[in-house]
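In: Just a sequence and a predicted model for now, questions to come.
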Amino acid sequence: MRCDMVELDVLKHGGAIVVAHDAGELGHPGLLTLDTVLHALRDQLPPAVGLNVDLKAPGYERDVCHRLHFYELASRTIVSTMHADSLGRMRSLAPDIRLGWSIPKVQRDYLAHPLTRPVALAGLSYYHRVLPGRVMRQILRGHADAIMAHWRMVTPALAEAIAMVGGELYAWTVDDASQFGRLAQLGVTGIITNDVALFDAAAASADAGAARLSWLPPDRGSTARRDGEAEVS
């Protein structure tokens, strides 16, 4: 797929770090350890391919840092998480690894259900007002290098604020091709999607010509691809 970024969701299960999105996947028969995946990626991915390791829970930052350095992948990795404490521990443990702050800190899309939608819309409006200032402070203080934001959070003000302080902005999870052009026009660094087929449609669109397009395989992670100026992460 001409990928140039791979994303892995990771959890600690027993004494091992495993590639999984949530606790419900821990009994999956095909569950892989982070060691197995990093070993394969180190040997099979071209040097230009990047890596995004997303910590789904706090407490195993040191283990992840050790493995990224052991497999010589730290220099091309962004470690992301919704947990601010994890970002602080990662920065102390491995200042050489780039960090991404995932927002908002939620486990499901509350806008999708009619009972929670009104409250979620009110919260979204609040986030739109306060987020630009918050993320600028996070990046300027060195707490994060990138912001991984739900696509509904991405506004012109947010994109401009992140660009002003030299950060990166990734939008997740975009499964509607009509959103690709809007996000690309806002200047996002990357777009994460579950549907790899959307890559071709987006790459063919002039609106998405300068965007990085990201693929998040269901329940596992994401990969990236480059088409001309379009980098697919």
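Out: Everything's here; your move.
In: Show me the contact partners of the single longest helix found in the chain.
Out: If you go by DSSP state H, the chain has its longest helix at helix 117-140. When contacts are taken as C-beta atoms under 8 Å, 6 or more residues apart in numbering, the neighbours of helix 117-140 outside the stretch itself are 101, 103-104, 110-111, 144-145, 147, 149, 152-153, 155, 157-158, 160-162, 164-167. (Glycine included, C-beta is placed from N, CA and C.)
In: Mind giving me the ChimeraX command for buried ones among those?
Out: In ChimeraX, this line selects whichever of the contacts of helix 117-140 come out buried by 16 or more other C-beta atoms under 10 Å:
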select :101,103,110,111,144,145,147,149,152,153,155,158,161,162,167
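In: follow-up on the earlier one: state the next helix or strand along the chain beyond the longest helix of the chain.
Out: Following the chain from helix 117-140 toward its C-terminal end, the next helix or strand by DSSP states H and E is strand 146-150.
In: thinking again about what came up before, just checking, which of the contacts of helix 117-140 belong to helices?
Out: Per DSSP H, these map to helices at 157, 158, 160, 161, 162, 164.
In: For the spatially most central residue of the chain, which residues are in contact?
Out: For the chain, the residue whose C-alpha lies nearest the mean C-alpha position (C-alpha atoms, centre = their mean) is residue 148; its distance is 5.1 Å. Under the criterion of C-beta under 8 Å, 6+ apart, the neighbours of residue 148 are 54, 80, 100, 101, 102, 103, 170, 172, 192.
In: and residue 60, how far is that from residue 78?
Out: Noted for residue 60: a distance of 17 Å to residue 78, by C-beta to C-beta, to the nearest Å.
In: Mind checking which of those two has more residues around it?
Out: Relative neighbour count places residue 78 above the other of residue 60 and residue 78, with 23 against 19, counting by other C-beta atoms under 10 Å.
In: Give me the phi and psi for the more buried one.
Out: Torsion angles at residue 78 (phi, psi; degrees, to the nearest 10) stand at phi -110, psi 120.
In: List the beta-bridge partners for it.
Out: For residue 78, the beta-bridge assignment (DSSP bridges) gives partners residue 52, residue 98.
In: and the lengthiest strand in the chain, what does it pack onto?
Out: Among all segments of the chain classified by DSSP state E, the strand with the greatest residue count is strand 3-13. In terms of contacts (3 or more C-beta pairs under 8 Å, 6 or more residues apart in numbering; DSSP states H and E), strand 3-13 is packed against strand 16-19, helix 34-44, strand 50-55, strand 213-215, strand 221-227.
In: try 7 Å this time
Out: In terms of contact count using 3 or more C-beta pairs under 7 Å, 6 or more residues apart in numbering; DSSP states H and E, strand 3-13 is assigned the packing partners strand 16-19, helix 34-44, strand 50-55, strand 221-227.
In: Thank you, goodbye.
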